[in-house]
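A.B. asks: Give me a model of this one.
(3 chains)
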Amino acid sequence: MDKEVAVSQSRGLEMHELSTRLFPICRSITGNGVRETLRILSEIIPLGVKEIPTGTKVFDWDVPREWNITDAYIKDADGRRVIDFARSNLHVLNYSVPIHQQVSLEELRKHLYYLEDHPDWIPYRTSYYKEDWGFCVTHNQYKQLNDPAYEVCIASTLEPGSLTYGEYFIPGEVEDEVLISAHVCHPSLANDNLAGLAVVSSLAETLSKRKNYYSYRFLFIPGTIGAIAWLAQNEERVHRIQFGLVASLLGDPGPFTYKRSRRGNTEIDRIAEYVLAKHGERNKVIDFFPYGYDERQFCSPGFNLAVGCLSRTPFGQYPQYHTSADDLDFITPESMEESYDVYLEILSILDQNRFYINTNPKCEPQLGKRGLYSLKGGNNDAKAFQMALLWTLNLASGEYSLLDIAQRSNTDFSVIREAASRLEESGLLKPAGR
Amino acid sequence: MDKEVAVSQSRGLEMHELSTRLFPICRSITGNGVRETLRILSEIIPLGVKEIPTGTKVFDWDVPREWNITDAYIKDADGRRVIDFARSNLHVLNYSVPIHQQVSLEELRKHLYYLEDHPDWIPYRTSYYKEDWGFCVTHNQYKQLNDPAYEVCIASTLEPGSLTYGEYFIPGEVEDEVLISAHVCHPSLANDNLAGLAVVSSLAETLSKRKNYYSYRFLFIPGTIGAIAWLAQNEERVHRIQFGLVASLLGDPGPFTYKRSRRGNTEIDRIAEYVLAKHGERNKVIDFFPYGYDERQFCSPGFNLAVGCLSRTPFGQYPQYHTSADDLDFITPESMEESYDVYLEILSILDQNRFYINTNPKCEPQLGKRGLYSLKGGNNDAKAFQMALLWTLNLASGEYSLLDIAQRSNTDFSVIREAASRLEESGLLKPAGR
Amino acid sequence: MDKEVAVSQSRGLEMHELSTRLFPICRSITGNGVRETLRILSEIIPLGVKEIPTGTKVFDWDVPREWNITDAYIKDADGRRVIDFARSNLHVLNYSVPIHQQVSLEELRKHLYYLEDHPDWIPYRTSYYKEDWGFCVTHNQYKQLNDPAYEVCIASTLEPGSLTYGEYFIPGEVEDEVLISAHVCHPSLANDNLAGLAVVSSLAETLSKRKNYYSYRFLFIPGTIGAIAWLAQNEERVHRIQFGLVASLLGDPGPFTYKRSRRGNTEIDRIAEYVLAKHGERNKVIDFFPYGYDERQFCSPGFNLAVGCLSRTPFGQYPQYHTSADDLDFITPESMEESYDVYLEILSILDQNRFYINTNPKCEPQLGKRGLYSLKGGNNDAKAFQMALLWTLNLASGEYSLLDIAQRSNTDFSVIREAASRLEESGLLKPAGR
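C.D. replies: Next comes the predicted model:
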């Protein structure tokens, strides 16, 4: 086993180990679970952690009160904890108000959520903006709740505090930014979105170690309210975001799905489609729709950013979605590593895609006298590279990017990129303004 | 049977009864048949009847002399009327000059029209712009004409008079007009175009009773020369016509065919296509071609109006076309009622299609605090309506009409229309300029 | 057999006879072979012959030294010519430097080219820009070369001289030019490109005898360096070239392939596609790629002319390509004549394609009073012609060319052309500016 493969395999394992560390933490859209998660991610990348106080106006919304929880249970008549938050933080309706009282079975049942189709799975439910309490239980647990009354306790607090998020910025050659955003608000759900956090932080670490053309901004934010709050507080800088990807559901073994930006045919859309097509026939590209993850906010009509969403199996399309079965066995090191690779390839092509001008546009230049032509040369690769040179020269009139040239010539982007570099070295190409 | 169905069924029957009243009248492009027809239609809608004198210059044409007829026959040697206008007004070549004389069989045959393939049907033939006389007979009648000579009589007049047409205008909220035009020049042919006259007058009656955004103009005109004359005399008002439909062949049981306007992708074209697709797989949409009904004139390059033609089976594509078999049995109350429904749905969507601006375009607004979000709500309709709200908000940037939003979101227009109304009530949308 | 067919058949035979006369001449990118070829073509059309001196700078290139050859052979130990230039000029690596010496078999083999798959065929190879010598032999000949050493002689010269090409210009009604270019540099290869030379010179002769709208420029030039040299020396006139075709490989019996210009949807591209579709289902149209014949230069980004390449079977796609099997039996009079016909049809449509304005754009004009309408007229051709009149009137608003009208109406171009002429005679159409 050579060194490169070993390194590579270790990345998948590292991402899975990170997910394993993050799994037990009870996250929500605010609170200490998010802070602890960001602290762990800070071990990989030097994350800036921001706090936005409760009540801050962010466009049409207000930052909500902060939610924290230490314990929760349902006790039967014998005082046994038949449902215990300590066993799974999914048991509590996320954002439940505090409660501690005896309730009749009839009353309790109005506050229970379960899945008849999957009797051993706990569903994940939230009530962020309507005050309520509740428990999520397996259907088997539900069926065993037959006592006339139970003691229910949710030791939560819902008080003025703040919304917490993490941000990491890597300056590039230009101020134009690429935004990568991942939601950090789900509790013990591995694919949604610990795998995403692991892939994005690993990607950020890689990009921080190389010279990039674009600047890269990574956001680890609670869903919806986090994206809205970030956009509201950074409105004057939003125009720098040229492209972006929302990263979620990156650990399951399904094929990839890229959801286009609202604009639909931007450079990031085309590159994502190009890379996914190369990586497998089962990968899919779908049109934008105003539901899903934070692309909803980035693609709202007042921003209309070139931001797509790249997942593996889309939300709601696998049975484990938003249940306790979305656990650490559901995500694999191999899938996370493949997700990392696909993201990195998309960003690499984006970073290297350029427009060039042929400095000798009238007729072909004489490649031979510049050592770019193997006169009677033979093997197919040499022929293919010569065609790449000719295509690049022919289309380097400022209208076509290297990606355009790669697609029109049915040549791999990397070959056209190499051809352009050789031609630029020979003085036959010069960079055009973008 | 509930009241609505009863009313609805009566509309089909009323339209068929109206066709039955109009059937015996001998119409042509001018003359008393048109006047009598318009008088009967005036019982339903307050039709303005206009007369344009013979000889009036209308663009490249002149209004022809007026044609009227009281009797016509072919008598055999025994004085029996073997062909009699009283039995069918199709027997006379429409616009025949008067004649009364003995003619040899050989001479007579030069003036006879018949259909070998349908030996019991009388064809419909005209000679508006070339002076001629003739009889249309069944092939069986033709074969029995064996006497050496016959007495032929056509008691017609072709004299200075006028071209008659009917017009009905319903003012709307805006001066922009929708034109609905039907030809009124064919004699005893039920589908072509008594069914059209019945559907259009019923439609006009319905629109007159409701508040409309557009103004609606209904024309009951002789084919070709009538449309040319109307356009010539109303040239300074033509720019108000935003959209239009030519109505013909609306009583047979075949699927619908919409023929696009010359421009091909106007709003009326897209709405007609949308409604026809909803109403049945067999319905068809075809491109414009410069033949057919009065869309030829409305879509001439000097006007180039957004006027299509909506029929059931197109002209020439059913065997009964332009024969005595296009009779009252060929058209059904159900077909006419369905035609009415499809026209009304097209016009209703057209009248309600608008552009809106999202007043809160940066990020999604908080639907919950406005009662637009059922927090843990469940049934599919609530979900579908929430998606309609999100789609409408996302695309309400002034570039997309409600129809565009309905089509891009694959949602019924009525649901998007309702979503837009709810959002407008909440202050989240405001009308854009069209 | 009527006279027209006889004349037509004689054209195919004449073209084949011309190819036969040109076949034995040893051509290259410079030298007396080109001069002799142009002299023979001058018997058909009054060709201007131009000479560009060695060393002349032409864009990125320099006109090379002139190459001539009188003899070449490989002699075995017994003094027998085992390979003899006199038997086929393909035997010499084209542009070989002079040599006359004994060489070992081992050394000789480094300078031999052959085709294992076709043991009886001689390959065609060149070394224009790298000084080298070599022989092209059949594989059977190669296997019999077993002597330890051979006498090799190439009696060539590579000296200052000039690059020779032929040009023929036919002035038209307008200065805008159509360029037809054929390469004149290949030695004894019949399809590549003696058939092309024969078709193009025959076409030039035909066009010279009729009145043309466009001016036509015919180039008989060595490949690559010839096109580059011509463009360099005529740069100030290049803007007059509106359209062009590169003519090659026109004698084999395969279907046609049209390679689009770099711009891809110009008038010549559309007309070539239209004509090829009419002439056979197996004909193909392919996108531009920057390899092949002199369209590479005409379509370089600095010129980007509307020049396509029309061949029969494309280069490299038939086994005889660039071998001695591309001989006079491979090309047929019938194929050359069909090639001539297709070229002539494309150029005729191009020459006759116009934009017209309807002088009576509001409503249809009355065709009857101008004798353009057969009132009760009958046969299908009359109906089809009437539709052509109506289509032409309807679309003659200056946006649509006659080709556009033909394609939109699914009518043959010649019928629309005739309709436009009749309408123009009647005053109903007038020419628009192009």
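A.B. asks: where does chain A have low pLDDT?
C.D. replies: A:1-9, A:374-380, A:434 (pLDDT under 70).
A.B. asks: how about the helices in it?
C.D. replies: A:3-22, A:32-41, A:105-109, A:139-144, A:195-208, A:225-233, A:267-279, A:295-298, A:333-352, A:380-395, A:402-408, A:413-425 (DSSP state H).
A.B. asks: would CSV of those with mean neighbour count be doable?
C.D. replies: Where C-beta positions appear, they are placed from N, C-alpha and C, glycine not excepted. CSV is the format used below for those (neighbours: other C-beta atoms under 10 Å in any protein chain shown):
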stretch, mean neighbour count
helix A:3-22, 15
helix A:32-41, 19
helix A:105-109, 13
helix A:139-144, 15
helix A:195-208, 24
helix A:225-233, 24
helix A:267-279, 20
helix A:295-298, 27
helix A:333-352, 21
helix A:380-395, 19
helix A:402-408, 20
helix A:413-425, 19
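A.B. asks: How many residues are close by the spatially closest residue to A:Ile170 that is not a sequence neighbour?
C.D. replies: Of all residues not flanking A:Ile170 in the chain, A:Tyr216 sits nearest, at 4.4 Å (C-beta to C-beta, 6 or more residues apart in numbering or on different chains). Counted with other C-beta atoms under 10 Å in any protein chain shown, the burial measure for A:Tyr216 works out to 21 neighbours.
A.B. asks: How about the contacts made by A:Tyr216?
C.D. replies: Contact analysis of A:Tyr216 by C-beta atoms under 8 Å, 6 or more residues apart in numbering or on different chains lists A:169-170, A:172, A:177-178, A:180, A:204, A:207, A:347.
A.B. asks: wait, doesn't A:Tyr274 sit right on A:Thr411?
C.D. replies: No - checked against C-beta atoms under 8 Å, the pair A:Tyr274 and A:Thr411 is beyond contact range at 11.9 Å.
A.B. asks: What are the buried residues along stretch A:350-365?
C.D. replies: Buried residues in stretch A:350-365, defined by neighbour count with 16 or more other C-beta atoms under 10 Å in any protein chain shown: A:350-356, A:358-365.
A.B. asks: just curious, which of those residues is nearest to chain B?
C.D. replies: A:Leu350 (24.8 Å; C-beta to the nearest C-beta).
A.B. asks: ok, now which ones touch the closest one?
C.D. replies: Here A:Leu350 is in contact with A:178, A:214, A:243, A:267-268, A:271 (C-beta under 8 Å, 6+ apart).
A.B. asks: quick one: which two of those are the most distant?
C.D. replies: A:Tyr214 and A:Ile271 (12.5 Å; C-beta to C-beta).
A.B. asks: Just want the most central residue of chain A.
C.D. replies: Against the mean C-alpha coordinate of chain A, by C-alpha atoms, centre = their mean, the closest residue is A:Ala247 at 1.1 Å.
A.B. asks: Would you mind splitting chain A into its domains for me?
C.D. replies: Per automatic domain parsing, the structural domains of chain A span A:3-64+A:163-352, A:66-159, A:355-431.
A.B. asks: Contact residues of the stretch 201-350 of chain A facing chain B?
C.D. replies: A:224, A:227-228, A:231-232, A:235, A:262, A:289-291, A:296-297, A:299-304 (C-beta under 8 Å from any C-beta of the partner chain).
A.B. asks: at 6 Å what do you get?
C.D. replies: Counting by C-beta under 6 Å from any C-beta of the partner chain, the residues of the stretch 201-350 of chain A lying close to chain B are A:228, A:231, A:290, A:297, A:300-302.
A.B. asks: How about the stretch 51-200 of chain A?
C.D. replies: Checking the stretch 51-200 of chain A against chain B by C-beta under 6 Å from any C-beta, the hits are A:59-61, A:129-130.
A.B. asks: Could you list which of the residues you listed belong to strands?
C.D. replies: Judged by DSSP state E, those include A:Trp61 as members of strands.
A.B. asks: As a markdown table, the residues of the stretch 51-200 of chain A next to chain B with distance to C:Pro98 would be great.
C.D. replies: Converted to a markdown table, these look like this (distance: C-beta to C-beta, whole Å):
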| residue | distance to C:Pro98 |
| --- | --- |
| A:Phe59 | 83 |
| A:Asp60 | 87 |
| A:Trp61 | 87 |
| A:Tyr129 | 92 |
| A:Lys130 | 96 |
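A.B. asks: ok, so of the residues of the stretch 51-200 of chain A next to chain B, who is nearest chain C?
C.D. replies: Nearest to chain C among these is A:Phe59, at 45.5 Å by C-beta to the nearest C-beta.
A.B. asks: show me what contacts the closest one?
C.D. replies: Taking C-beta atoms under 6 Å, 6 or more residues apart in numbering or on different chains as the contact definition, A:Phe59 lies against A:228, A:232, B:362-363.
A.B. asks: For the closest residue to chain C within chain A, which non-adjacent residue is spatially closest?
C.D. replies: Using C-beta to the nearest C-beta, the closest approach of chain A to chain C is made by A:Pro361 at 3.1 Å. Excluding its sequence neighbours, the residue lying closest to A:Pro361 (C-beta to C-beta, 6+ apart) is C:Gly302, at 3.1 Å.
A.B. asks: before we move on, what about A:Pro148?
C.D. replies: Per C-beta to C-beta, 6+ apart, closest to A:Pro148 is A:Leu105, 5.9 Å.
A.B. asks: Verify the contact between A:Tyr163 and A:Ile52 for me.
C.D. replies: Actually, residue A:163 is Leu. It isn't Tyr. Yes - counting by C-beta atoms under 6 Å, A:Leu163 does reach A:Ile52; the two are 4.7 Å apart.
A.B. asks: Please enumerate the shared neighbours of those two.
C.D. replies: Common contact partners of A:Leu163 and A:Ile52 (C-beta under 6 Å, 6+ apart): A:63, A:229.
A.B. asks: one step back: tabulate the helices of chain A in JSON lines, adding columns for distance to C:Ser335.
C.D. replies: Below are the helices of chain A laid out as JSON lines (distance: least, C-beta to C-beta, whole Å):
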{"stretch": "helix A:3-22", "distance to C:Ser335": "57"}
{"stretch": "helix A:32-41", "distance to C:Ser335": "72"}
{"stretch": "helix A:105-109", "distance to C:Ser335": "87"}
{"stretch": "helix A:139-144", "distance to C:Ser335": "78"}
{"stretch": "helix A:195-208", "distance to C:Ser335": "60"}
{"stretch": "helix A:225-233", "distance to C:Ser335": "67"}
{"stretch": "helix A:267-279", "distance to C:Ser335": "41"}
{"stretch": "helix A:295-298", "distance to C:Ser335": "59"}
{"stretch": "helix A:333-352", "distance to C:Ser335": "47"}
{"stretch": "helix A:380-395", "distance to C:Ser335": "30"}
{"stretch": "helix A:402-408", "distance to C:Ser335": "32"}
{"stretch": "helix A:413-425", "distance to C:Ser335": "38"}
